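K.L.:
sequence first, then the predicted structure:
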Amino acid sequence: MDIEEISQILYKEQNQKLKAIQADFYLEAEKYLRQLEEDIGKINNSRSPEFKMLHDEHEGALSALETIFMKRIGKVITMATFQSHADKPIAKDIEKLLPVEKNFMTLYCRELRPQK
């Protein structure tokens, strides 16, 4: 994973529709960020161009990942809201959810369902 891949996913998530991403996306993103942090830590001069470049990449990646997460969770909440008011399951886009997003949607749907 690198900043280009994160940027591509961010671009795709700008659309209203949920996009399929690899199931381990957030784990791979975490590894990438930790590697950047390690590389930054090895540089003794915080004024060096390399330090600044890596720091900017790290900050940009964090910002993009936060935006991706917020956009995807917003889409999951919208799906769950529609699902909670439907008589039968809505399968559209469910296969594009990451496992953690599926769990979140299931819990959210339960909370939204009217109590009988």
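P.N.:
Nice, thanks for sending it over.

K.L.:
nearest residue to the spatially most central residue of the chain in space, please, no chain neighbours.
P.N.:
The structure's the chain has its C-alpha centroid closest to F69; by CA atoms, centre = their mean the separation is 3.3 Å. Excluding the flanking residues, the one nearest F69 by CB to CB, 6 or more residues apart in numbering is Y26, at 7.9 Å. C-beta coordinates here come from the backbone N, C-alpha and C atoms, glycine included.

K.L.:
so which helix or strand takes in the one you found?
P.N.:
Element membership of Y26 [criterion: DSSP states H and E] is helix 25-41.

K.L.:
what packs against whichever helix or strand comes after that helix?
P.N.:
The helix or strand immediately downstream of helix 25-41 is helix 49-84, counting by DSSP H and E. Helices and strands touching helix 49-84, by 3 or more CB pairs under 8 Å, 6 or more residues apart in numbering; DSSP states H and E, are helix 3-13, helix 25-41, helix 99-112.

K.L.:
can you say which of those helices is nearest to I73?
P.N.:
For the helices and strands packed on helix 49-84, distance to I73 was read as CB to CB. The smallest value, 7.4 Å, belongs to helix 99-112.

K.L.:
got the angle for that closest one vs helix 49-84?
P.N.:
Using axes from the mean of the first three to the mean of the last three CA atoms, to 10 degrees, the direction of helix 99-112 lies 40 degrees away from that of helix 49-84.

K.L.:
ok and the helix holding Y26 relative to helix 3-13, angle-wise?
P.N.:
With the same axes, to 10 degrees defining the directions, helix 25-41 sits at 140 degrees from helix 3-13.

K.L.:
buried set for helix 25-41?
P.N.:
Using 16 or more other CB atoms under 10 Å as the test for burial, helix 25-41 gives F25, A29, Y32, L33, L36, I40.

K.L.:
show me what contacts L10?
P.N.:
By CB atoms under 8 Å, 6 or more residues apart in numbering, the contact set of L10 is A64, T67, I68.
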